[in-house]
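**Q** Can you look at this prediction? I've put the sequence above it.
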Amino acid sequence: MKRVLSILLVVVAFSSVKAQQDPQFTQWFNDKLSFNPAVAGLNDAHCFSLFYRNQWSGFTAPNAGGGDVAVNPKTFMFNYSGYFGNGIGGGLNFYNDQLGNETNNIVKFSGAYHNLLPAGGPKLSAGLSLGLYQKSLGDNWIFIDENDPSIPNQGPSQGTFDLGLGLYLYDSDYYVGLSATHLTAADLDELGIAVARHYFFMAGKDFNLPSGGVPMLLRTNLLAKSDFNKTALDVNANVLFNNMFYAGLSYRLGDAIAPMV
């Protein structure tokens, strides 16, 4: 069995989706596991991925106890995906996401089976993720009415069971995926926040480029995601040179353009 160790350190872009529940990554095509458990064990490989984002560094707000406190978004994510033979893959995903007084933590385990179609053609995998979703609110609020009962003053926190499902069809030069996260759609009553279901469609295709003997590959990727309250569309194209370096451009509809290397 082929064993691969890949470490990815990337600067990521973020936008909020209904109560700041999930981080959003510009280089999402390097992070399919966090939103589609069916990719666990993909390519018969063992992969570790590490993402860190520190956006708008230097933005602060007055601290209730005096001085200033950082309020800029920060996200840390760790993924492990492994193949264990006989079509079985497994994965672990953890992220910590902070925005001002709000902190989100998720830890989940994924399992996938990759041999749903006959051998010799494309592969189809199905996956399931089980985990814990935890949200907390800080107590460093800036308020007009100090006695407003809707403003938390003790840093409340609440957790809930989390469930995700996914399908992933793939071959050597293309892929298509469908998935859903937060299927339990739990109500965090102590915080007054509902966890929204999120739905994802992704697809990609690789094209060999004439290169005079040095391998060059044009890789295209598309991701659509929605909670039926807000929908986002990401399109990416990048060129992989000599199976080692890549450069490209991503566009998030109505939001951002991101060059990457």
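**A** Arrived safely, thanks for sending. Numbers count the residues shown, from 1 in each chain.

**Q** Centroid-nearest residue for this structure?
**A** Ser34 (4.6 Å; Cα atoms, centre = their mean).

**Q** What separation do you get for that one and Phe143?
**A** To Phe143, Ser34 is 35 Å away according to Cβ to Cβ, to the nearest Å. In short, each C-beta sits where N, CA and C put it, glycine included.

**Q** again, but for Leu117
**A** For Leu117, the distance to Phe143 - Cβ to Cβ - is 58 Å.

**Q** do the same with Leu222
**A** Applying Cβ to Cβ to Leu222 and Phe143 gives a distance of 43 Å.

**Q** how about Gly127, what does it touch?
**A** By Cβ atoms under 8 Å, 6 or more residues apart in numbering, the contact set of Gly127 is 36-40, 89, 110-113, 165-168, 179.

**Q** Which ones among those map onto helices?
**A** If you go by DSSP state H, the contacts of Gly127 have nothing in helices.

**Q** Keep only those of these that are in strands.
**A** Among the contacts of Gly127, the residues falling in strands (DSSP state E) are Gly89, Ser110, Gly111, Ala112, Tyr113, Leu165, Gly166, Leu167, Tyr168, Ser179.

**Q** The host helix or strand of Val239 - contacts with which helices or strands?
**A** Element membership of Val239, judged by DSSP states H and E, is strand 231-241. Applying 3 or more Cβ pairs under 8 Å, 6 or more residues apart in numbering; DSSP states H and E, one finds that strand 231-241 contacts strand 216-226, strand 245-252.

**Q** what ranges do the strands span in the stretch 51-200 of the chain?
**A** Using DSSP state E, counting those that start in this stretch, the strands of the stretch 51-200 of the chain run over 60-62, 68-70, 74-83, 88-99, 102-113, 123-137, 157-170, 174-181, 187-188, 193-194, 198-208.

**Q** Please enumerate residues in contact with the first one?
**A** To tie it back to what came earlier, the one meant is strand 60-62. Asp68, Val69, Ala70, Val71, Gly100, Asn140, Ile142.

**Q** Run the chain-centre distance for that strand.
**A** Here the centre of strand 60-62 is set off from its chain's centre by 28 Å, with Cα atoms, centre = their mean, to the nearest Å.

**Q** what mean pLDDT would you report for it?
**A** Summarised as a single mean, pLDDT over strand 60-62 is 74.

**Q** Pairing partners for it, with directions?
**A** Using DSSP bridges, strand 60-62 pairs in its sheet with strand 68-70 (antiparallel).

**Q** who's in contact with the partner strand?
**A** For strand 68-70, contacts defined as Cβ under 8 Å, 6+ apart pick out Phe59, Thr60, Ala61, Pro62, Asn63, Asn140.

**Q** Distance from that strand to the middle of the chain?
**A** Centroid separation for strand 68-70 versus its chain: 27 Å, with Cα atoms, centre = their mean.

**Q** can you give me the mean pLDDT across that strand?
**A** 73.

**Q** tell me which element Lys32 falls in.
**A** Here Lys32 is assigned to no helix or strand, by DSSP H and E.

**Q** how close does the residue nearest to it when sequence neighbours are not counted sit to Gly82?
**A** Sequence neighbours aside, Val39 is the residue nearest to Lys32 in space, at 4.5 Å (criterion: Cβ to Cβ, 6 or more residues apart in numbering). Distance of Val39 to Gly82, computed by Cβ to Cβ: 12 Å.

**Q** Of those two, which one has the most company?
**A** Ranked by neighbour count (other Cβ atoms under 10 Å), Val39 and Gly82 place Val39 first, with 29 against 19.

**Q** The residue lying closest to Asn208 once chain neighbours are set aside: neighbour count?
**A** Spatial nearest neighbour of Asn208, excluding adjacent residues (Cβ to Cβ, 6+ apart): Leu217 at 6.2 Å. For Leu217, the count of nearby residues is 17 (other Cβ under 10 Å).
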